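Q: Got a sequence here, can you model it:
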Amino acid sequence: MKKMKKVLAVALSLVMAGSLAACGSSSTETKAPETGASETAAESTAESGSEAASEVSTDGKVYNIGICQLIQHDALDAATKGFEDALTEVFGDNVKFDEQNAQGDSATCATIINGFVSNNDDLILANATAALQAAAAGTDTIPILGTSVTDYGVALDIDNFDGTVGGNISGTADLAPLDGQADMLHELFPDAKKIGLLYCSAEANSKFQVDTIKGYLEKLGYT
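A: Purely as a prediction, here's the structure:
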């Protein structure tokens, strides 16, 4: 268990580092769901993860990590590859990945997760909201890391979400500064009157974002 916790610490630090790098975020308010950590804390987590790696990378045990990615997409592909590359660099042959793509089907996510649970994998990386939801429904014991997820409270239907999921779930959020995007639109198109918002109604975090930015745009006078 102690070794597994160290592997989880390293994996989480790598997800956090990869997510922050991919988003190119300049905000210091971005929080990780499990720890409520800012980017500064994320750097600290990465340091502690590196220390843990030096202890677990030579113990001889092979850790099996299941990766469920919702769909093939450049951003999601990059998140998966970065995670795999970084863990391989740390653990070498002591880590094995079972990477599966659901091809955009939420039901397939559930099937993939059930396979990971049956195999008793050591860790599950859930790439995108539907994958996270399937993982949360599939196991409450195997550690789950989420990535490419906008808001964990919305994704997991958590009331009064305070930035901490708890239980066996952690990961990083990629919520963009929607108020800043509204301000940018206003700066670029000050004479516009009506704005169309295109989103996926089947994806909880897509609806969350469109509802949120709609409020900001209305405050700026747009319909």
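Q: Now Gly146, what are its backbone angles?
A: phi -100, psi 150 (degrees, to the nearest 10).
Q: low-confidence ranges in this structure?
A: By pLDDT under 70, the weakly predicted segments of the chain are 1-59.
Q: now do 50
A: Residue ranges of the chain with pLDDT under 50: 17-42, 57-58.
Q: how far away is the residue located most distally from the centre of the chain from Tyr222?
A: Relative to the centre of the chain, the most outlying C-alpha is that of Asp191, 36.9 Å out, by CA atoms, centre = their mean. Noted for Asp191: a distance of 11 Å to Tyr222, by CB to CB, to the nearest Å. Just so you know, the C-beta spots here come from the backbone N, C-alpha and C atoms, and that holds for glycine as well.
Q: What of Ala107?
A: Ala107 sits 37 Å away from Tyr222, going by CB to CB.
Q: quick one, strands of the chain?
A: Using DSSP state E, the strands found in the chain span residues 63-69, 95-101, 123-127, 144-149, 169-173.
Q: Out of those, which gets nearest to Ile158?
A: Checking these against Ile158 by CB to CB gives strand 169-173 as the closest, at 10.1 Å.
Q: Tell me the helices and strands packed up against that closest one.
A: Other helices and strands packing on strand 169-173, by 3 or more CB pairs under 8 Å, 6 or more residues apart in numbering; DSSP states H and E, are helix 2-23, helix 129-138, strand 144-149, helix 152-155.
Q: who has more neighbours, Ala107 and Tyr222?
A: Neighbour totals were compared for Ala107 and Tyr222, and Tyr222 leads with 16 against 10 (other CB atoms under 10 Å).
Q: Please list all residues in contact with that one.
A: Residues counted as contacts of Tyr222 (CB atoms under 8 Å, 6 or more residues apart in numbering) are 185-186, 192-195.
Q: Name whatever forms a beta bridge with Glu99.
A: Ile67 (DSSP bridges).
Q: My guess is it contacts Leu87. True?
A: No: Glu99 lies out of contact with Leu87 (CB atoms under 8 Å); the separation is 12.0 Å.
Q: Neighbour count: the two, which is higher?
A: Summary of the neighbour comparison: Glu99 and Leu87, criterion other CB under 10 Å, with Leu87 having more neighbours (23 against 16).
Q: Go through stretch 101-108 and flag the buried ones.
A: Neighbour-count burial for stretch 101-108 flags 101-102, 106, 108 (criterion: 16 or more other CB atoms under 10 Å).
Q: Take those residues and lay them out in a markdown table including distance to Pro143.
A: Listed next are those as a markdown table, based on distance: CB to CB, whole Å:
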| residue | distance to Pro143 |
| --- | --- |
| Asn101 | 21 |
| Ala102 | 20 |
| Ser106 | 22 |
| Thr108 | 22 |
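Q: Could you point out which of these is nearest to Thr212?
A: Checking the buried residues of stretch 101-108 against Thr212 with CB to CB, the nearest one is Ser106 at 22.5 Å.
Q: Wait, that closest one touches Ala135, no?
A: No: the pair formed by Ser106 and Ala135 falls short of the contact definition of CB under 8 Å, at 11.8 Å.
Q: quick one: Asn205 and Thr150 touch, right?
A: Yes: applying CB under 8 Å as the test, Asn205 and Thr150 come out as touching, 3.8 Å apart.
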